[in-house]
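# got a structure for you, letters missing:
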């Protein structure tokens, strides 16, 4: 594939511009705040580089994968990202795309049915390992103030949003940050509709939040990846349709085995009720054929649709849900609540915990960045009568101590990251969705997270339900 020639095609530039918020490829009309290019060696031996919108033609010239910022000047984006993952064979989706997307198809159709149930307009995009379902809410929409009233930001993140850096040239309006945070909770609520539906004759792969390890033989599952809502809006970006996909040829965990697999093109499957391909099979067959992609491009809209009236209905259902009540309880206290005896988290005696849980607190970098450890720690401390917000406070205390984090928490936000992961895993338990059936020593061993077999502790004794 001649990537540079492909990017010079005017219709392809127009499609990429549409997803960035403009009708034509005029970067000064893009509504996204910035762009990101991904290409080996693009910057100081890094794989990615954040650039102003007017560098779009440079990204075309160097043949980079193109991403747009989640942060938008005119709207807040709602993004559900789900994908196949395989802990034994990370490149499975590239070697066997038809098999992998077959395994994803039932989840795709169930998610689609949920969006249609609420009459939500959306664009769905097939990536290299899964799909994005995306819609937007314009800032001037009357629902914006309703979402604003439901949000919560830690003071540390408010401070970051109020400042500028080399990466962000202007402060993030606080109301945009709050509504982005609320959008994450709304997407979580959509995922709960999916979990509810999975009880109806579903026999596919396990469906989990954010790549937690699973103990099945093939260690494969489908991840509902909400992690973009764990971080500041200015640190997140999403892949642009009609851009080139070369991740499998760049990242170290893939590239030694996948160099012979050609790049392909990211395509839109549906937009606002318009289905552009008969099936996932047709997309896979087309995505490496530049001529076919160019011929199809004019028929496909890449504009991110407004949510329509469906978001109002979705919002009302969320506000009457158990999940909403759990969220409000989470927001009701602080990390440093003076009523708790373990308010100085460094005094917490970790010896009362199973070794597999104790280990991630004693060696937090990088064990407290792994979703499986965060899930297990949350499960165990809930059983020990910790409030979820205080579990997050304990994790935050480790993030903010000198464990060799470098500039990680300067760019990201320790409090918000801790809150997010504890909240999504505690929400599953407190709502009754997570029955904790895999909270046992054998499963933990099969997941690869047992540090001391036959330690004398039994993880199953920490089940809350």
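Looks like it came in fine. What you see is a predicted model; the values in this text were computed from it and never measured.
# residue boundaries of the strands in this protein?
For the chain, the strands defined by DSSP state E cover 35-43, 46-51, 65-69, 75-86, 123-126, 130-138, 207-209, 220-225, 237-239, 244-245, 264-265, 267-271, 274-275.
# and the fourth one, which strands flank it?
Strand 75-86 has the following strand partners under DSSP bridges: strand 130-138 (antiparallel), strand 220-225 (antiparallel).
# May I see those arranged in a markdown table, with distance to residue 93, mean neighbour count and mean pLDDT as well?
For the C-beta atoms, the positions are set from N, CA and C on the backbone; glycine is no exception. Shown next, in a markdown table, are the strands paired with strand 75-86 (distance: least, Cβ to Cβ, whole Å; neighbours: other Cβ atoms under 10 Å; pLDDT from 0 to 100):
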| stretch | distance to residue 93 | mean neighbour count | mean pLDDT |
| --- | --- | --- | --- |
| strand 130-138 | 8 | 22 | 98 |
| strand 220-225 | 10 | 22 | 96 |
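# and residue 149, which of these is closest to it?
Of all the strands paired with strand 75-86, strand 130-138 sits nearest to residue 149, with 14.1 Å by Cβ to Cβ.
# so which of the strands paired with strand 75-86 gets nearest residue 153?
Between residue 153 and these, the tightest spacing by Cβ to Cβ is seen for strand 130-138, at 17.8 Å.
# Can you point out the buried residues in stretch 279-290?
Neighbour-count burial for stretch 279-290, counted by 16 or more other Cβ atoms under 10 Å, picks out 280, 283-284, 286-287, 290.
# re the thing from before, which one of the strands of the chain lies closest to residue 429?
It is, among the strands of the chain and with distance given as Cβ to Cβ, strand 207-209, at 11.9 Å.
# other SSEs contacting that closest one?
When contacts are defined as 3 or more Cβ pairs under 8 Å, 6 or more residues apart in numbering; DSSP states H and E, strand 207-209 packs onto helix 174-198, strand 220-225, helix 414-430.
# just these: most buried one?
With neighbours defined as mean count of other Cβ atoms under 10 Å, those peak in mean count at helix 414-430, which reaches a mean of 24.
# between that helix and strand 220-225, how many degrees?
Inter-element angle recorded for helix 414-430 and strand 220-225: 120 degrees (by axes from the mean of the first three to the mean of the last three Cα atoms, to 10 degrees).
# Please state the offset of helix 414-430 from the chain centre?
14 Å (Cα atoms, centre = their mean, to the nearest Å).
# Residue 124: neighbouring residues, count only.
Residue 124 is flanked by 20 other residues according to other Cβ atoms under 10 Å.
# Would you confirm that it contacts residue 112?
Yes. Here residue 124 reaches residue 112: they are 7.3 Å apart, a contact under Cβ atoms under 8 Å.
# Select, out of the strands of the chain, the one closest to residue 411.
Nearest to residue 411, of all the strands of the chain, is strand 46-51, at 11.1 Å by Cβ to Cβ.
# Report the residue spans of this protein with pLDDT below the cut-off.
45, 166-167, 216-217, 252, 254-256, 337-343 (pLDDT under 70).
# Tell me which residue lies farthest from the centre of it.
Note on the chain: the largest C-alpha distance from the chain mean falls to residue 456, namely 36.3 Å (Cα atoms, centre = their mean).
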